[in-house]
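A.B. asks: Dropping the sequence and predicted coords here.
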Amino acid sequence: MIFTYPKNILERYRVFIPLFLVPVWLVLYCNLSALTAFIVYSLCHLPTESRFTDSIFFFLYEVPKVLLLLVLIVYCVGIIRSYFSPERTRKILGNRKLLPGNILASILGIVTPFCSCSAIPLFLGFIESGIPLGVTFSFLIAAPMINEVALVLLFGLFGWQTALLYMSTGLFIAIISGYLIGKLRLERYVEPWVFEITLGNTEILQEKRPFQERLEYAYDTVKEIVGKVWAYIILGIAVGTGIHGYVPANFMSSIMGGSSWWSVPLAVLIGVPMYSNAAGIVPVIQALLEKGASLGTVLAFMMSVIGLSLPETIILKKVLKTQLIIIFIIIVATGITLVGYLFNLIY
Amino acid sequence: MITIKILGSGCANCTNPAQLCKDVTEENQISAEIVKVTDYKDIMSYGIMSTPGLVINEKVVHSGKLPTKSTLTHMIMNFLAISGE
């Protein structure tokens, strides 16, 4: 590391404050239901057994629950991510063969910090160091598709099974799609200038970071992500609340239920051009599920919205020819559709 | 006089640091020229893979996620202290 950051004592220990807040978090989270009941029934004297009270309770309970989970998970993910820079990931992935490479790349896609505007430098860096195209794609598919905010929301609203399903099938799609793209030998559809890039030699910065710097990084991540999505979450849960109480329960089952074969591909077709962040889409999903849409269809819809995003595809257009982009979309969309069918079969 | 280069394709994540650098250097009365590098070939030649990248006098001092203002101030001040400019 070239630079150290001198800081005064107070600033230095400020980063440990979140660690002391963990017990507070636990107390709050474990007593949330009782706390909400106290506010709704004792403080506000709302009548029990009314649809309106139910909705208010639902809202007042879900919002803090999801936000609490979000803060904790994003903080932990932040700490984990501080250990994985794209430069380091590139080093790990160098010289990997196709299938093991795809598996590793997909997992690293979850933990490496990544924003879609970094997609191009990352792509160029990977290709330059000889990482196969298919392995690079596994990374690029997994990184947006398996999103920590979506994971938190699924966990908070539907339980750990759904969250785990989402993560494992997301990984599976990333691995298989990347593997296929690698097997199809599509290098000719990459813009030729990509292969002429040479990466300058820079010593990797921040190789040894003190732990408090990681905590600071995690804190910044929380501030950034939660700051960006909290409004969507509240809005989404509010929409969910409205539907929860007032839309007939089987409203969606005719369109998105498991019985019709075309529901999954239709959900994917609608989802691919849509672009939303994970926080915005999950409450919609909750509403759909509650009203009779089947899990596979809804999961497929969600994955196609957050995993295949138009802005990212347009960015990739700078390095990929249209043919490859189309193949990429078709392969990933097919994978998502199959996952959707699979879940509809299981549930 | 130092030259600060911001490497990035020009999305909000990369334009903000440019402004931040301007603020920091002005506040600390450092004479600096701030250049935005948006061409991928040039960006890659610095050996970074996450944008925005921060380069002072051709030395990469940071890559990835926008640093906060105080961190950025430390980086620039540190650079000046070490290089003795």
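C.D. replies: Arrived safely, thanks for sending. Residues are numbered from 1 along each chain as shown, chains lettered A, B, ... in the order given.

A.B. asks: what's the helix or strand for residue 55?
C.D. replies: I'll assume chain A. If you go by DSSP states H and E, A:S55 is part of helix A:51-81.

A.B. asks: try again with chain B
C.D. replies: Using DSSP H and E, B:V55 falls in strand B:53-56.

A.B. asks: and whichever helix or strand comes after that strand, which strands flank it?
C.D. replies: For strand B:53-56, the following helix or strand on the C-terminal side (DSSP H and E) is strand B:59-63. Strand B:59-63 has these partner strands in its sheet, going by DSSP bridges: strand B:53-56 (antiparallel).

A.B. asks: in chain B, which spans are strands?
C.D. replies: Counting by DSSP state E, residue ranges of the strands within chain B are B:2-7, B:32-37, B:53-56, B:59-63.

A.B. asks: Report whether the longest helix along chain A contacts chain B.
C.D. replies: Ranked by residue count and defined by DSSP state H, the top helix of chain A is helix A:211-246. Yes - judged by Cβ under 8 Å from any Cβ of the partner chain, helix A:211-246 comes into contact with chain B at A:217, A:220. All C-beta spots, glycine's among them, are computed from the backbone N, C-alpha and C.

A.B. asks: What is that helix packed up against?
C.D. replies: helix A:17-20, helix A:51-81, helix A:148-158, helix A:278-290 (3 or more Cβ pairs under 8 Å, 6 or more residues apart in numbering or on different chains; DSSP states H and E).

A.B. asks: So for it, what gets flagged as buried?
C.D. replies: A:213-222, A:225-226, A:229-230, A:232-234, A:236-237, A:240-241, A:243-245 (16 or more other Cβ atoms under 10 Å in any protein chain shown).

A.B. asks: repeat for stretch A:33-53
C.D. replies: So stretch A:33-53, judged by 16+ other Cβ under 10 Å, has buried residues A:36, A:40, A:53.

A.B. asks: Settle this for me: the last one is touching A:P47, isn't it.
C.D. replies: By that I understand A:T53. Yes - between A:T53 and A:P47 there is a contact under Cβ atoms under 8 Å: 6.0 Å.

A.B. asks: got the residues of the stretch 151-300 of chain A near chain B?
C.D. replies: A:193, A:197-202, A:205, A:217, A:220.

A.B. asks: let's see it at 6 Å
C.D. replies: Contact residues, the stretch 151-300 of chain A versus chain B (Cβ under 6 Å from any Cβ of the partner chain): A:197, A:199-202.

A.B. asks: Can you tell me what sits against stretch B:21-37?
C.D. replies: B:1-7, B:18, B:43, B:72-73, B:76 (Cβ atoms under 6 Å, 6 or more residues apart in numbering or on different chains).

A.B. asks: same thing but 7 Å
C.D. replies: B:1-7, B:18, B:43, B:69, B:72-73, B:76, B:80 (Cβ atoms under 7 Å, 6 or more residues apart in numbering or on different chains).

A.B. asks: still on that earlier bit, ok now the longest helix of chain A, how far from the chain's centre?
C.D. replies: Offset of helix A:211-246 from its chain centre (Cα atoms, centre = their mean, to the nearest Å): 12 Å.

A.B. asks: Kindly report the same for stretch A:24-37.
C.D. replies: Here stretch A:24-37 is found 26 Å from its chain centre; the criterion is Cα atoms, centre = their mean.

A.B. asks: distance between the ends of that stretch?
C.D. replies: End-to-end distance of stretch A:24-37 (Cα to Cα, to the nearest Å): 19 Å.

A.B. asks: mind showing which ranges of the chain have poor pLDDT?
C.D. replies: I'll assume chain A. Residues of chain A meeting the criterion pLDDT under 70: A:1-12, A:202-209, A:243-259, A:275-277.

A.B. asks: that's the wrong chain, I wanted chain B
C.D. replies: Applying pLDDT under 70 to chain B flags the ranges B:10-15, B:66-67, B:84-85.

A.B. asks: what's around A:F16, how many residues?
C.D. replies: Counted by other Cβ atoms under 10 Å in any protein chain shown, the residues lying close to A:F16 total 12.

A.B. asks: Next, name the residue at the spatial heart of chain B.
C.D. replies: B:L54 (3.2 Å; Cα atoms, centre = their mean).

A.B. asks: need the contact list for it.
C.D. replies: Per Cβ under 7 Å, 6+ apart, neighbours of B:L54: B:6, B:17, B:61-62.

A.B. asks: filter the contacts of stretch B:21-37 by proximity to chain A?
C.D. replies: Taking Cβ under 7 Å from any Cβ of the partner chain as the test, chain A is in contact with B:I43 out of these.

A.B. asks: Nearest to chain A, out of the contacts of stretch B:21-37: which one, please.
C.D. replies: B:I43 (6.0 Å; Cβ to the nearest Cβ).

A.B. asks: Look up how far A:G109 lies from the closest one.
C.D. replies: In this structure, B:I43 and A:G109 are 22 Å apart, going by Cβ to Cβ, to the nearest Å.

A.B. asks: Please apply the same query to A:S304.
C.D. replies: A:S304 is 17 Å from A:G109, by Cβ to Cβ.

A.B. asks: gap between the closest residue to A:L184 other than its chain neighbours and B:P52?
C.D. replies: Nearest residue to A:L184, sequence neighbours excluded (Cβ to Cβ, 6 or more residues apart in numbering or on different chains): A:I327, at 7.3 Å. Note on A:I327: its distance to B:P52, by Cβ to Cβ, is 31 Å.

A.B. asks: Then A:Y347?
C.D. replies: 44 Å.

A.B. asks: circling back to that earlier point, for the contacts of stretch B:21-37, could you give me TSV that also reports neighbour count and distance to A:K183?
C.D. replies: Formatted as TSV, the contacts of stretch B:21-37 follow (neighbours: other Cβ atoms under 10 Å in any protein chain shown; distance: Cβ to Cβ, whole Å):
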residue	neighbour count	distance to A:K183
B:M1	8	54
B:I2	16	50
B:T3	12	46
B:I4	25	45
B:K5	23	40
B:I6	23	39
B:L7	28	34
B:A18	19	43
B:I43	27	31
B:K69	14	48
B:L72	21	45
B:T73	19	50
B:I76	22	48
B:L80	16	52
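
A.B. asks: could you dump the contacts of stretch B:21-37 to CSV with distance to A:L124?
C.D. replies: Shown next, in CSV, are those (distance: Cβ to Cβ, whole Å):
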residue, distance to A:L124
B:M1, 31
B:I2, 28
B:T3, 24
B:I4, 23
B:K5, 18
B:I6, 18
B:L7, 12
B:A18, 22
B:I43, 8
B:K69, 30
B:L72, 26
B:T73, 31
B:I76, 28
B:L80, 32
